[in-house]
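Trainee: predicted model follows, preceded by the sequence.
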Amino acid sequence: MRKHPLVQMLVIGAIAVAIGIPIALIIPWFPSEGAIQAGNVRTLYDVLLIASVPIFVLVETVVLFSVWKFRMRPGEEEKDGPPIHGHTRLEVLWTALPAVLIVSLCTYAYTVLRSNEASKRGAMTVNVTERQFAFEFSYPQANGKTVVSPVLYMAKGQPVVFRIRSLDVIHSFFVPNFSEKIDAVPGITTTLRVTPTRLGTYPAECTELCGAGHSLMRSEVRVVTPSAFQTWLAAQPANAAPPIGVPPPAAAQPGVPGAAAPAAGAASTGAGSSASGSSSAAGKTLFAGSAGCSSCHTLAAAGATGTVGPNLDVRLRSDCQSAASKRIRGSSLNQCIFTAITKPYAYLPPGYRAGIMPPNFAQTLTSTQIQSLVSFLTGVAK
Amino acid sequence: MPIPAKLRAPGWYRAALFDLIGFGFAFGLTVLIRWLMHEHPVLDGNAITIVALIAVPLFFLAGMGTADYWFYWAAGKPSRAEDHSSHGAHSWRDYFRVNTDHKVIGIQYTVTSFFFLLVGGLLAMLIRAQLAKPGMQFLTPEQYNGVFSVHATLLIFLFVIPVFAGLANFVLPLMIGAPDMAFPRLNALSYWLLPLAGLMMLMSFLAPGGSFASGWTAYAPLSTTMPLGQLFFSVGVQLAGASSIATALNFLVTIITMRAPGMSFFRLPLLVWANFSTSLLVVIATPFIAASQFFVLLDSALHFHFFDAFVGAGRDGNVIMYQHVFWFYSHPAVYIMMLPGFGIISEVIAVKSRKPIFGYRMMAFSLLAIVVLGFTVWAHHMFVSGMSPWIRIPMMITTAIIAIPTGIKIFSWLATLWRGVLHLDTPMLFALGFLTMFTLGGISGVMLAMIPFDIHVSQTYFIVAHIHYVLFGGSLFTIFAGVYYWFPKMTGRMFDDRLGKWHFWMTFIFFNLTFGPMHLIGIQGMPRRVAEYASKFAAWNLFISFSAFILGLSTLIFVYNIVASWRGGPRAAANPWRGLTLEWQVSSPPPIFNFDAVPTVVGGPYEYGVPGAVHGIFKPPVEAEQAVAAGSFTTPPSQKSHE
């Protein structure tokens, strides 16, 4: 008589677990670890793998062993198995054991969560503003000014609290190397805490479907040394490029472009010079940066290569010259571009449709910013 | 002028006429209201389309004759009593008429659902073609968003949910010894709502601005600012949901009131228990998705501003509220799409292992536990949504706990296999494949419950992998198992088992090659729902696309097998699997009224291996009880049989 099938199976299962766990752990699941939070999540995942492999192996061993040992053999077509209806102790066991396992895993996951979200002393605040289809990062300074950037700079070892807002639909802010993510939700400010631990450049992504340009809504995180960060910060013109992404001003009236826009940004733009050259340069920065135009439009003058919307190198002037456009958006190039930005669906060039370009630039940009964009675009229209 | 008889009798001609009337009604109503409200222009294509989306399907249903009886009754005319002359289907044409026979409706449901499986599968092929290489391929981003949105919507609302309703429609009345469903006319109406919903989803591709492109989740405010196609989803979901609710109600009443004598609740086959539990979920949960889509409809069409949240600009909508309402349906919906599959697996594994289900009562109770717990976990879809952080903790715990009743079921199936006599034919292979794949889906589900890990992988390809392991490796495998298992009963023909096994192995292998690597690229950070991705994911995506195409091809084996076997397969015996449950005790296909004599149930449904055990016999109750007491559940089984 051979060994009892249960013993045989247990031996096979134990061997499979012993092989399976190292394999599961050795797979390079995660991208390079860039933050304290990411390290905690990796450890949690390893624990989950160690708990999961035996369960999967158990199921597979029983299935495969049964297929091997208990499959119907010729001559058994009419045979039935033993009428075993159940086994109370076994059933209690396989209810209680998973329960214990699950409670332990939840407890551990909870401690990881607490530690990842604990507020840290001396944390720096960075405001993240998202819109279709761009990120803007702003660094409030002690002197009351603000530095803005389309790329996120962080100092290694410096804890950061992100305050995240959206100007249109739901977006999200995800850096795979930090293992942290949260949605940017219209109407509320969400919070995310990260302490970067490794120098490097990482992707920042929107992971919440936000419209046609969603796939292209990416930015970059550059984790640099603290001194390099200070140097970078100091080199940024405070408030020079007005923050595109300020949330809609409290008193703004829908439909009235920039009616009560915050004066701070606008004033400082105009402060240096009122010449159109400067305004046009600001427009170029806006176009390529935080206004997000470049994620959808191609425009050589701004180095933009987006393909969602009309190619402005080709169509900017020609679309404004059609009779229908002149009737709706005005006959001058200036008027046409202004309307195209503030009321994008008033006239749709052939081949394009409503619902893709954000219709609320009139509320989210100040009138000065829109003027900069118009003056830049008028200058480069071919 | 007399109206031709063809236009007066219920059917396609009258439905076409009524559609015209329905469109005219929508047109007239919209123009009238816009004129009265001084809206300009008075003729607005979008407004007319929205009203027509609601009116035309209702007129179609009336034209087809799904409501004739009720109209006659309401008008005080002599209603036409059902003379059952339309029962049964004598040619394929009969499946294109309103029919109140549950067996005809079951086949209508199943075939319609499989049609949408093929359409949804083709859309999946488009998705994988687009993603084969990084960079934009042949679809524009808007088209791509539309394609994956329609893919998910069709497969959830037009395939997985209704195909289970279809299989149960055919099998469930037979299993409980009933001649039909409790409400046959309602049953017909719930079927006919379904193709309308599917057609509406597909027609959204023709809408100006393209199909709905905000995912099957239709998160506001993206969905409320989408072009017209979005509303095809909002309204289509109402039709599919109404169909779901009506069927669930029908199942509940049928199970509660129409069981054969002796069929106590604890003698019900587990498929019936599963559909009982599912129907409870459907009637309680489905109104919530209806509400969420009405919100979107009202926001889009009439500017209600439920979800317009720019408080500073004087608007105080609440964006996260949409997600709560949506997931309060859509998480239970996961169980709506899984519990009937559990039922199928219980049937197949018991019969094909020739053993009673191990721990029958725990199997029934764990279904009910899932029903209750299923309503307590919805916000685990929202760990990164920005909702109040504390809500995550209880949701993590309940989500993890729901794995326990699910685990009980898996372990019970394993114990049922143990020491059985395993018949490894196509339905059994799919059942075993299901055990494997669903265990993986369950494990990744518990991982996703762990908040810090979920924060990392939510909205990435890890989620895509998990959902497909649960709904494809889980639900679809049970559906294939069920279709093969009951194919002889439904069609009276045997399928080709060799082709069936080919189908299983190709599906099993290429399913894993397609969706397995998605776990990895998800954790690596590839977001889902993107038409374009970073080049570091290129190699895996090419591999996945290649596997997906072969997975798609494997479906053709299934289609060929089913079509060819249905047309010319060998005749099926009444009980080819030697099953004990009642549907196997009648001819294949069953007689028009199911049972020539009312059966009496005298024992449990899975007494395999118990000598002389019978589940039901065709004798009046008194005689039956005396005749066979030996096979009843309470009698200690003889130990002799397996020595």
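Mentor: Perfect, I can see it now. Residues are numbered from 1 along each chain as shown, chains lettered A, B, ... in the order given.

Trainee: only C-alpha atoms from now on, for both contacts and neighbour counts.
Mentor: Noted.

Trainee: can you pull the pLDDT of the nearest residue to A:Lys79 once chain neighbours are set aside?
Mentor: Using C-alpha to C-alpha, 6 or more residues apart in numbering or on different chains and skipping residues adjacent in sequence, the residue nearest A:Lys79 is B:Val421, 7.1 Å away. Listed pLDDT for B:Val421 reads 95.

Trainee: isn't B:Val421 right up against B:Val351?
Mentor: No - judged on C-alpha atoms under 8 Å, B:Val421 makes no contact with B:Val351 at a distance of 9.7 Å.

Trainee: just the helices in the stretch 451-600 of chain B please.
Mentor: With DSSP state H, counting those that start in this stretch as the definition, the stretch 451-600 of chain B shows helices at residue ranges B:451-457, B:461-470, B:477-491, B:497-524, B:538-568.

Trainee: how about the helices in chain A?
Mentor: Taking DSSP state H as the criterion, chain A contains helices spanning A:5-26, A:36-70, A:88-117, A:226-235, A:263-272, A:276-288, A:312-320, A:323-329, A:333-342, A:361-364, A:367-380.

Trainee: winner for burial among those helices?
Mentor: Most buried of these by mean neighbour count (mean count of other C-alpha atoms under 10 Å in any protein chain shown) is helix A:361-364; its value is a mean of 25.

Trainee: tell me the mean pLDDT for that one?
Mentor: On average, helix A:361-364 scores 70.

Trainee: how about stretch B:556-566?
Mentor: On average, stretch B:556-566 scores 96.

Trainee: same thing with stretch B:529-546?
Mentor: The pLDDT scores in stretch B:529-546 average 93.

Trainee: ditto for stretch B:73-86
Mentor: 77.

Trainee: can you check stretch B:179-193 too?
Mentor: Mean predicted confidence for stretch B:179-193 is 94.

Trainee: same thing with stretch B:152-161?
Mentor: For stretch B:152-161, mean pLDDT is 96.

Trainee: would you mind naming the helix or strand containing the nearest residue to A:Glu60 once chain neighbours are set aside?
Mentor: Leaving aside its sequence neighbours, A:Glu60 sits nearest to B:Thr436 (C-alpha to C-alpha, 6+ apart; 6.5 Å). Applying DSSP states H and E as the criterion places B:Thr436 in helix B:426-449.

Trainee: what angle separates that helix from helix A:88-117?
Mentor: Put simply, helix B:426-449 runs at 40 degrees to helix A:88-117, going by axes from the mean of the first three to the mean of the last three C-alpha atoms, to 10 degrees.

Trainee: can you give the distance of stretch A:92-102 from its chain's centre?
Mentor: 38 Å (C-alpha atoms, centre = their mean, to the nearest Å).

Trainee: before we move on, what about stretch A:375-382?
Mentor: Taking mean C-alpha positions (C-alpha atoms, centre = their mean), stretch A:375-382 and its chain are 32 Å apart.

Trainee: rewinding a little: could you identify which of the helices of the stretch 451-600 of chain B is most buried?
Mentor: With neighbours taken as mean count of other C-alpha under 10 Å, the helices of the stretch 451-600 of chain B reach their highest mean count in helix B:451-457, at a mean of 26.

Trainee: for that one, packing partners?
Mentor: helix A:36-70, helix A:88-117, strand A:180-184, helix B:392-401, helix B:426-449, helix B:497-524 (3 or more C-alpha pairs under 8 Å, 6 or more residues apart in numbering or on different chains; DSSP states H and E).

Trainee: which outside residues touch whichever helix or strand comes after the fourth one?
Mentor: Beyond helix B:392-401 in the direction of the C-terminus, DSSP H and E gives the next helix or strand as helix B:403-417. Under the criterion C-alpha atoms under 8 Å, 6 or more residues apart in numbering or on different chains, residues A:59, A:62-63, A:66, A:91, A:94-95, A:98-99, B:346, B:349-350, B:353, B:355-359, B:362-363, B:366-367, B:369-370, B:435, B:439, B:442, B:446 lie in contact with helix B:403-417.

Trainee: if we go to 6 Å?
Mentor: B:353, B:357-358, B:363, B:366 (C-alpha atoms under 6 Å, 6 or more residues apart in numbering or on different chains).
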